[in-house]
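Novice: here is my input, please return the structure:
(chains A, B, C and D)
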Protein chains: 2
Amino acid sequence: MGPTTRPTPSAGTESARRQTPSAGAEPATRLTPKGAATRARIVEAAADLVLARGVGATTLDDIRAGTQTSKSQLFHYFPGGKTDLVGAIASFQSQRVLDAQRPSLDALDSWQAWDDWRAAILAHYGSQAHWGCPIGALASELAGSDPVRAAEVAASMDHWRGYLRAGLTRMVDAGLLRPDADPETLSLGTFAALQGGLLLTQTMESIKPLEAALDGALAALRARRTAPD
Amino acid sequence: MGPTTRPTPSAGTESARRQTPSAGAEPATRLTPKGAATRARIVEAAADLVLARGVGATTLDDIRAGTQTSKSQLFHYFPGGKTDLVGAIASFQSQRVLDAQRPSLDALDSWQAWDDWRAAILAHYGSQAHWGCPIGALASELAGSDPVRAAEVAASMDHWRGYLRAGLTRMVDAGLLRPDADPETLSLGTFAALQGGLLLTQTMESIKPLEAALDGALAALRARRTAPD
DNA sequence: CAGCCAATGGACCGCGCGGTCCATGAATTG
DNA sequence: CAATTCATGGACCGCGCGGTCCATTGGCTG
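Specialist: I've put the predicted structure just below:
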């Protein structure tokens, strides 16, 4: 799963000079900074559209209109068509959702860190216009129609959950969690609560379910703590 | 949201006699037992297809092929077209998923009952061929495209969660949960964990996440118990 | 038997959408 | 100033899909 070249979009107007083709996995056509900016613009806008309406309900014309681009540009930057674009959107959202949890996501080795993480999640999802999980909904929809992309998204979710598991492992090592606590299982439960909270947040159009879900998940973790507080 | 006339499909071949139009809300055309059976067959098969592939990715031709019916029958029994059919599928699935949790769903007023409920959920979702929540995935997909149906599904989910809340209320009344435990919030958290577990169960193609999610949710509940066990 | 109407079959239609193509504009390079 | 190549615009196409229509069948009723 290549991480979708994503230069700072602000670089737009400066004089265009070819960038070295060094890193890219398979850059179908070489991109100038201007091109890269356009591509980034498309991905970002398309991601929002898909987030709001779902993959299947978002047409290429919607995206074209939403980004002030032409049909040919879509296929210029995403030769694989809609599938290709969806892949780019997926990794963009993965990155975005991870960034929103930083830096607490990297710690998660103390009870305070988990509380910070909870706050970061609530702050991020509470602030955006439309509810719903950018990744979970994608995964769910793609599962039944595009197994390849679905696997990519699933891998991305596993990567995400890996941070939780890593934190839990460190909690065990630090003696904050009982030695018999299994980070794998606990991370699954915690992550599931998060995803479920986001799902309900979308259907109920309220942040409440997410709060309740995270509180429940943290309570479940604390139930495995060593000291009685 | 009418509960989709659903007579035992086995009644198919017996001599057809008009059924009284007593109950129906707006039976576009009166149904003979044979017709009702056909309608039920369509809904059930369509529900499975939608569960496996999602609403958007399931075409009417798929359903036609999967039920050995003709296009005209689809519109005969569901005059509103695909939207209409999706509505019928939604209430069918709601009923089915509730039935699978009976009778424990109606109790949930003791710790034993919650354990039974957990077991019933795992048994049901562990047995079916394809993973994923019939209701949650629907709700998520419809949220961005068909607000009307989405609201129906959301209501159905709230109804479902109502059973959890009712049980929790009884737990508080019975002195099994601390008086300050809020059934509304706790039911949200529990339900979110369940939905998240189902979502992960779909993307990871394993029952493990659901187990972990339910265990976590129950641990969170027990953290609010009155007696130290 | 005659009449009626649900049940069924399946050809047909319009259009929205993903995808293709080519022409032109705008940079950069020698 | 060519020559090259990316960037962009937008007409165009084929088809899949939701939806319509009419013809036929078959079972019940009087």
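Novice: can you give me the helices in chain A?
Specialist: A:33-53, A:60-67, A:71-77, A:82-99, A:104-107, A:111-127, A:136-143, A:147-173, A:183-204, A:208-222 (DSSP state H).
Novice: show me what the longest one is packed against.
Specialist: What that stands for is helix A:147-173. helix A:82-99, helix A:104-107, helix A:136-143, helix A:183-204, helix B:183-204 (3 or more CB pairs under 8 Å, 6 or more residues apart in numbering or on different chains; DSSP states H and E). Every residue, glycine included, has its C-beta placed from N, CA and C.
Novice: could you export the helices of chain A as JSON lines, including mean pLDDT?
Specialist: Shown next, in JSON lines, are the helices of chain A (pLDDT from 0 to 100):
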{"stretch": "helix A:33-53", "mean pLDDT": "94"}
{"stretch": "helix A:60-67", "mean pLDDT": "96"}
{"stretch": "helix A:71-77", "mean pLDDT": "96"}
{"stretch": "helix A:82-99", "mean pLDDT": "97"}
{"stretch": "helix A:104-107", "mean pLDDT": "96"}
{"stretch": "helix A:111-127", "mean pLDDT": "97"}
{"stretch": "helix A:136-143", "mean pLDDT": "96"}
{"stretch": "helix A:147-173", "mean pLDDT": "98"}
{"stretch": "helix A:183-204", "mean pLDDT": "98"}
{"stretch": "helix A:208-222", "mean pLDDT": "98"}
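Novice: could I get those as a markdown table with mean neighbour count and distance to residue B:142?
Specialist: Below are the helices of chain A laid out as a markdown table (neighbours: other CB atoms under 10 Å in any protein chain shown; distance: least, CB to CB, whole Å):
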| stretch | mean neighbour count | distance to residue B:142 |
| --- | --- | --- |
| helix A:33-53 | 20 | 11 |
| helix A:60-67 | 16 | 18 |
| helix A:71-77 | 16 | 26 |
| helix A:82-99 | 19 | 19 |
| helix A:104-107 | 18 | 31 |
| helix A:111-127 | 16 | 20 |
| helix A:136-143 | 26 | 11 |
| helix A:147-173 | 19 | 19 |
| helix A:183-204 | 27 | 9 |
| helix A:208-222 | 24 | 17 |
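Novice: what's the closest of the ones you listed to residue B:140?
Specialist: Distance to residue B:140, taken as CB to CB, is lowest for helix A:136-143 among the helices of chain A, at 5.1 Å.
Novice: can you tell if that closest one touches DNA strand C?
Specialist: No. Against DNA strand C, helix A:136-143 shows no contacts by CB under 7 Å from any atom of the strand, the least distance being 13.3 Å.
Novice: what is that helix packed up against?
Specialist: Partner elements for helix A:136-143 (3+ CB pairs under 8 Å, 6+ apart): helix A:82-99, helix A:147-173, helix A:183-204, helix B:136-143, helix B:183-204.
Novice: specify the angle between the first one and helix A:136-143 in degrees.
Specialist: Meaning helix A:82-99. If you take axes from the mean of the first three to the mean of the last three CA atoms, to 10 degrees, helix A:82-99 sits at 150 degrees to helix A:136-143.
Novice: so for the residue nearest to the spatial centre of chain A, what's the nearest residue that isn't a sequence neighbour?
Specialist: Nearest to the geometric centre of chain A sits residue A:94, at 2.6 Å (CA atoms, centre = their mean). Excluding the flanking residues, the one nearest residue A:94 by CB to CB, 6 or more residues apart in numbering or on different chains is residue A:156, at 4.2 Å.
Novice: ok, now how distant is the residue nearest to the centre of chain A from residue A:204?
Specialist: 25 Å (CB to CB, to the nearest Å).
Novice: cool, residue A:215 as well?
Specialist: For residue A:215, the distance to residue A:204 - CB to CB - is 16 Å.
Novice: check residue A:210 too.
Specialist: Between residue A:210 and residue A:204 the distance, using CB to CB, works out to 10 Å.
Novice: now residue A:104
Specialist: 26 Å.
Novice: ditto for residue A:152
Specialist: In terms of CB to CB, residue A:152 sits 29 Å off from residue A:204.
Novice: cool, residue A:114 as well?
Specialist: 25 Å.
Novice: got a list of what residue A:117 touches?
Specialist: A:101, A:104-105, A:107-108 (CB atoms under 8 Å, 6 or more residues apart in numbering or on different chains).
Novice: farthest pair within those residues?
Specialist: Checking these with CB to CB, the most distant pair is A:101 and A:107, at 10.4 Å.
Novice: roughly how far apart are residue A:122 and residue A:219?
Specialist: Distance from residue A:122 to residue A:219, by CB to CB: 16 Å.
Novice: er, residue A:60 I mean
Specialist: 45 Å.
Novice: cool, residue A:170 as well?
Specialist: In terms of CB to CB, residue A:170 sits 20 Å off from residue A:219.
Novice: so who does the residue of chain A found nearest DNA strand D touch?
Specialist: As assessed by CB to the nearest atom of the strand, DNA strand D sits closest to residue A:35 within chain A, at 1.8 Å. By CB under 8 Å, 6+ apart, residue A:35 lies in contact with residue A:77.
Novice: now, which of the contacts of residue A:117 sits nearest DNA strand C?
Specialist: residue A:101 (31.2 Å).
Novice: show me what contacts the closest residue to the closest one other than its chain neighbours?
Specialist: Nearest residue to residue A:101, sequence neighbours excluded (CB to CB, 6+ apart): residue A:120, at 5.2 Å. Going by CB under 8 Å, 6+ apart, residue A:120 touches A:100-102, A:104-105.
Novice: if we use 7 Å, what do you get?
Specialist: Contacts for residue A:120 (CB atoms under 7 Å, 6 or more residues apart in numbering or on different chains) come out as A:100-101, A:104.
Novice: how about residue A:131?
Specialist: Here residue A:131 is in contact with A:201-202, A:205 (CB under 7 Å, 6+ apart).
Novice: for residue A:175, same thing?
Specialist: Contacts of residue A:175 by CB under 7 Å, 6+ apart are residue A:226.
Novice: I'm done for today, thanks for sticking with me.
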